[in-house]
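K.L.:
after the sequence you'll find the predicted model.
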Amino acid sequence: MKPALSFILLCILFNFSCKKSAYVTISGNLDSAENVKVRIVNHDFTIFYDSTIIKNGKYKLVAKLPGDGFYQLNFNSPVVNRKSWSHSITFYAEDYQSYKVIATRPYYVLYDLYSVTSTSSTQNKLSEYNKSYRDKRDSLAHKKQHYLNLASAALDNSKMKLYSAYVDTVSMVEDEISMCFLPVLHNFIKNNPQTIVTPYLISQATDLFENYRLYKNVMDGLSATVKDSKYYDESSALLASVKNYSIGAKAPPIYGNDIYGKPLQIDYKKKKVILIDFWASYCGPCRDQIPDLKALYNKYRQKGFDIVSVSIDENSKLWKNAVEEEHIPWTNISESVQQEDSKNIKNFVIEQIPANYVVDGDGRFIARDISLDKLGAVLEKL
């Protein structure tokens with residue numbers, strides 16, 4: 001073989017076998033969104049890859065990304081009259097594929113009414129899942145409106161008992177709407193073992209602890225090609241961790257010191273119920289629930305209830321200041337390390353905050369991510 005030809009063939013083979021970048025083209029029309037910035041960021045919103053500005057209602061990105069995978073297309077409006085908006089669309093970037101976002105007005109983006117057409121088969125599977133979720137949500141929204149109309153008619157006719165029954169039904173439908181993504185997700189993953197969208201969705205699921213066996217069975221039944229992906233590895237590792245934290249399992253140790261530098265010393269047997277609450281000084285929802293936590297703490301602490309708050313703050317000064325500002329009376333612990341180095345985040349599988357676990361006097365899990373209303377009901381029974 002001639003040296004020049006050998007070199008060319010080696011280059012071709014090298015490019016096909018070692019190439020990691022993904023070149024994608026994303027375009028769309030968005031009216032009433034002049035000067036809105038459109039950015040491609042990684043899934044954790046820590047790395048920005050490319051951006052453009054919407055002009056005359058149009059935008060287009062031709063971007064080079066680190067590789068195939070799930071990314072976020074982020075829309076960020078400028079501040080006008082002290083108001084702005086921001087929202088993101090998850091998409092699957094595949095090398096040399098094109099994507100068109102169908103959303104003619106900002107509210108289509110803000111309320112997840114958009115759709116994405118693509119030459120990527122994986123993206124189309126993700127779009128199929130998103131459409132199933134939207135269809136389910138919209139169906140329930142119509143159902144809610146139906147009962148709101150019936151409630152209004154009953155009120156107009158002074159039929160208060162009937163009015164109350166319709167209002168209760170509206171409340172139940174609202175609960176269905178808030179959780180409707182789960183049955184849609186369950187149905188999709190059971191019927192799609194050939195796409196990496198399935199392990200990706202499993203990694204995003206909020207009921208891994210409650211439905212561990214379902215997700216494990218789905219993972220076991222995935223195709224060999226899907227099992228060879230990083231998303232399968234990530235979901236497998238997540239499920240392996242979840243298995244150790246099912247109801248009745250022993251809680252792992254909690255690492256860190258309190259605001260005075262003393263390590264946590266916890267004796268579960270001295271308490272009936274302990275809430276392990278994960279939070280951070282910068283987390284608004286975490287701090288918003290502190291008054292309600294105080295109410296539960298003051299009501300039940302003499303009856304065997306305690307709280308241990310575990311901060312994931314990296315900056316110890318910000319954490320200590322927040323504890324003092326909020327006048328938190330119970331034990332507060334922090335490792336004060338980079339979150340990727342946190343033993344607590346890893347050991348308790350913390351993906352977002354606020355998050356919590358409830359343990360009994362034997363240090364065993366009895367609930368996870370319980371709402372404060374439900375926690376109050378549990379404490380009342382105990």
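P.N.:
Yep, that arrived. Numbering: from 1, shown residues only.

K.L.:
tell me where the chain has helices.
P.N.:
Ranges of helices within the chain are 3-18, 106-110, 121-156, 160-179, 181-191, 197-204, 212-220, 224-227, 230-243, 284-288, 290-300, 316-326, 343-347, 372-381, based on DSSP state H.

K.L.:
pick the most buried one from these.
P.N.:
Ranked by mean neighbour count, the helices of the chain are led by helix 197-204 with a mean of 23 (mean count of other CB atoms under 10 Å). For every residue, glycine as well, the C-beta is placed using N, CA and C.

K.L.:
the inter-axis angle of that one versus helix 212-220?
P.N.:
150 degrees (axes from the mean of the first three to the mean of the last three CA atoms, to 10 degrees).

K.L.:
what does helix 197-204 contact?
P.N.:
With contact meaning CB atoms under 8 Å, 6 or more residues apart in numbering, helix 197-204 is reached by 70, 92, 122, 125-126, 129, 185, 188-189, 192, 208, 215, 218-219, 222, 226, 229, 231-232, 234-236, 238-239.

K.L.:
7 Å instead, please
P.N.:
Residues outside helix 197-204 that contact it (CB atoms under 7 Å, 6 or more residues apart in numbering): 70, 122, 125-126, 129, 185, 188-189, 192, 215, 218-219, 222, 226, 229, 231-232, 234-235, 238.

K.L.:
in a markdown table: the helices of the chain, plus distance to residue 249 and mean pLDDT.
P.N.:
Formatted as a markdown table, these follow (distance: least, CB to CB, whole Å; pLDDT from 0 to 100):
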| stretch | distance to residue 249 | mean pLDDT |
| --- | --- | --- |
| helix 3-18 | 43 | 44 |
| helix 106-110 | 40 | 94 |
| helix 121-156 | 31 | 96 |
| helix 160-179 | 25 | 94 |
| helix 181-191 | 23 | 97 |
| helix 197-204 | 20 | 96 |
| helix 212-220 | 11 | 94 |
| helix 224-227 | 26 | 97 |
| helix 230-243 | 8 | 89 |
| helix 284-288 | 25 | 91 |
| helix 290-300 | 24 | 93 |
| helix 316-326 | 28 | 92 |
| helix 343-347 | 12 | 88 |
| helix 372-381 | 18 | 84 |
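
K.L.:
which stretch among these approaches residue 252 most closely?
P.N.:
helix 343-347 (4.4 Å; CB to CB).

K.L.:
list the contacts for residue 259?
P.N.:
Residues in contact with residue 259 (CB under 7 Å, 6+ apart) are 320, 323, 332.

K.L.:
now the residue lying closest to the second one once chain neighbours are set aside: how far from residue 287?
P.N.:
The one in question is residue 323. Nearest residue to residue 323 in three dimensions, chain neighbours excluded: residue 332, at 5.1 Å (CB to CB, 6 or more residues apart in numbering). Going from residue 332 to residue 287 by CB to CB, to the nearest Å gives 13 Å.

K.L.:
please apply the same query to residue 203.
P.N.:
In terms of CB to CB, residue 203 sits 28 Å off from residue 287.

K.L.:
domains of this structure?
P.N.:
Domain ranges of the chain: 21-119, 128-243, 268-381, per automatic domain parsing.

K.L.:
distance between the ends of the shortest one?
P.N.:
Yep, that's domain 21-119 we're talking about. Domain 21-119 stretches 17 Å from its first residue to its last (CA to CA, to the nearest Å).

K.L.:
now swap in the longest one and tell me
P.N.:
Distance between the two ends of domain 128-243: 30 Å, counting by CA to CA.

K.L.:
centre of the chain to that domain, how far?
P.N.:
Taking CA atoms, centre = their mean, to the nearest Å, one finds domain 128-243 lying 13 Å from the centre of the chain it belongs to.

K.L.:
quick one: which of the helices of the chain is nearest residue 265?
P.N.:
Across the helices of the chain, residue 265 has its closest neighbour in helix 343-347 (15.9 Å, CB to CB).

K.L.:
residues contacting that closest one, please?
P.N.:
Helix 343-347 has contacts (CB under 7 Å, 6+ apart) with 252, 254, 255, 256, 310, 312, 335, 339.
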